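J.: Fold the following.
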Amino acid sequence: MKKVLLRTLPAALLLPALVMAQSAFVGTWKADLSNNVEMPKQPFRYLLIHDVYRCEICAPPYSVKADGQDHRVAGHPYFDTVSIKIIDDSSIEETDKKGGKTVTVTTTQVASDGMTELVTSRDSSNSNGAPVDSKVELTRVAKGTAGSHAISGSWHMTKFESISDNGVLITYALSGSTLRMTAPTGQSFAAPVDGTDSPFSGDPGQTSVSIKRIDDRTVDEIDKRDGKVISTEHMTVSVDGKTMTVAWKDLLHGTSGSFTNFKQ
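T.: Okay, here's the model as predicted:
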């Protein structure tokens, strides 16, 4: 009976309670990627053989000559050319560009035992300000094809060695029943918490977002590119308001995981 009654009330009468409930999200949050992180279970797969590099985990996958030259690739909103330079038998450098401008430089170094690798990246493909610097460690799941470069095979992401603050900070504000998000890298949205699609700004790979209030401390986010769902986030603020658990799914790559944000 109570649910039926609530559905008959004008939305304006429910707004004060809704605003109070959503205030749990208001403020600046910082992701802690060193503790309580569930890394993607889907392995990262690469192959470099006969001087041809293939990114099999990329969506869509692509192959380019590993000759240090720019090669055009299609279907990627963050870059349109890729250059793969073989540094030595255990490391490579990748340079991604968009419109002739370098947006990401990534170095992959495989350890001497061949079982771990360190990926160091400076990425501005999704930033309108300073690039995001990161170091990530991966552990080998499977070897590559016989005769392939050391980076070949399947790898599981195990931990973040480091990441710059601009890549892990996010701020939420509330205006009426509209939740607003801003990030140091330039992304933003203003979306009502009723699940309505709203424009997403500052990201070449995302065009819209919807935010749906689940309860006083929980919202669901759906991210879309040109009308197609590409990722989801289920966000829950703790009772004391100090932490936010984020469970995410990446539908493009078939991966998922979770991490914790801390109120700043």
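J.: which residues does the closest residue to Tyr62 other than its chain neighbours contact?
T.: Counting by C-beta to C-beta, 6 or more residues apart in numbering, the nearest residue to Tyr62 once its immediate chain neighbours are dropped is Val73, at 4.4 Å. In short, each C-beta sits where N, CA and C put it, glycine included. By C-beta atoms under 8 Å, 6 or more residues apart in numbering, Val73 lies in contact with 62, 64, 79-82.
J.: Can you give me the pLDDT of Val73?
T.: pLDDT, Val73: 98.
J.: can you list the contacts of Val73 in JSON lines and add secondary structure, pLDDT and distance to Ile214?
T.: Output for the contacts of Val73, formatted as JSON lines (DSSP: H, G, I helix; E, B strand; the rest coil; pLDDT from 0 to 100; distance: C-beta to C-beta, whole Å):
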{"residue": "Tyr62", "secondary structure": "strand", "pLDDT": "97", "distance to Ile214": "38"}
{"residue": "Val64", "secondary structure": "strand", "pLDDT": "98", "distance to Ile214": "43"}
{"residue": "Phe79", "secondary structure": "coil", "pLDDT": "97", "distance to Ile214": "35"}
{"residue": "Asp80", "secondary structure": "coil", "pLDDT": "98", "distance to Ile214": "38"}
{"residue": "Thr81", "secondary structure": "strand", "pLDDT": "98", "distance to Ile214": "42"}
{"residue": "Val82", "secondary structure": "strand", "pLDDT": "98", "distance to Ile214": "40"}
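J.: is it possible to export these to JSON lines including distance to Thr182?
T.: Output for those, formatted as JSON lines (distance: C-beta to C-beta, whole Å):
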{"residue": "Tyr62", "distance to Thr182": "32"}
{"residue": "Val64", "distance to Thr182": "35"}
{"residue": "Phe79", "distance to Thr182": "24"}
{"residue": "Asp80", "distance to Thr182": "27"}
{"residue": "Thr81", "distance to Thr182": "30"}
{"residue": "Val82", "distance to Thr182": "31"}
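J.: All good on my end, thank you.
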